[in-house]
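Visitor: Here is my input, please return the structure:
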Amino acid sequence: MNSLLSWASVIGAGLLELWAAIPLGFTLNLHPVTIGFLSAIGSILSAMIIIFFGTSLRNWLIKRFQSKAGGRGGRMSGIWDKYGIPGLGFLSPLLTGAPLGAAIGISFGAEPRKLFIWMTIGIVFWSIVLTTAAALGLSAFISQ
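Guide: Okay, the predicted model is just below:
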């Protein structure tokens with residue numbers, strides 16, 4: 001039962017932010033492969049909810065951030081202009097988090113299915129990279 005609660009906690013943190021889920025998994029003493037998998041599942045679920053089901057939430061985010069930023073501007077806009085859906089989908093899980101990256105992509109007019117595929121690729125990649133980096137860092141710290 002305790003491991004199910006740990007798994008649910010990592011998935012829940014992954015829904016909000018990939019960067020939070022991975023350290024939480026290590027804090028809960030989960031295996032690195034489990035941490036990477038569960039954090040990716042949480043982030044993929046959040047991207048799917050925003051892209052496919054979160055019309056009202058997505059519209060609210062678009063209004064809120066466009067009014068503050070004065071439209072399309074900043075790092076994500078530059079990535080969008082230079083690399084399109086693949087760049088935004090691949091980098092946004094790392095830079096802004098999956099939910100906000102999905103909302104940004106939709107606000108820029110990305111086709112939802114393509115955005116979801118590229119965000120999934122980015123989430124899986126960054127989950128592997130960040131979990132591996134954390135595991136290697138912890139093992140180096142513990143071995144000394």
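
Visitor: so how many other residues sit close to residue 129?
Guide: When counting by other C-beta atoms under 10 Å, one arrives at 12 neighbours for residue 129. For the C-beta atoms, the positions are set from N, CA and C on the backbone; glycine is no exception.

Visitor: ah, wrong one, I meant residue 54
Guide: Applying other C-beta under 10 Å, I find that residue 54 has 19 neighbouring residues.

Visitor: show me what contacts it?
Guide: Applying C-beta atoms under 8 Å, 6 or more residues apart in numbering to residue 54 gives the contacts residue 103.

Visitor: Low-confidence bits of this structure, can you list those?
Guide: 1, 57-58, 61-62, 64-73, 143-144 (pLDDT under 70).

Visitor: Distance from the longest helix anywhere in it to the middle of the chain?
Guide: Of all the elements of type helix in the chain, the one with the most residues (DSSP state H) is helix 112-143. Its chain's C-alpha centre and that of helix 112-143 lie 10 Å apart, by C-alpha atoms, centre = their mean, to the nearest Å.

Visitor: Show me what it is packed up against.
Guide: Counting contacts by 3 or more C-beta pairs under 8 Å, 6 or more residues apart in numbering; DSSP states H and E, helix 112-143 packs against helix 18-27, helix 32-48, helix 75-95, helix 98-107.
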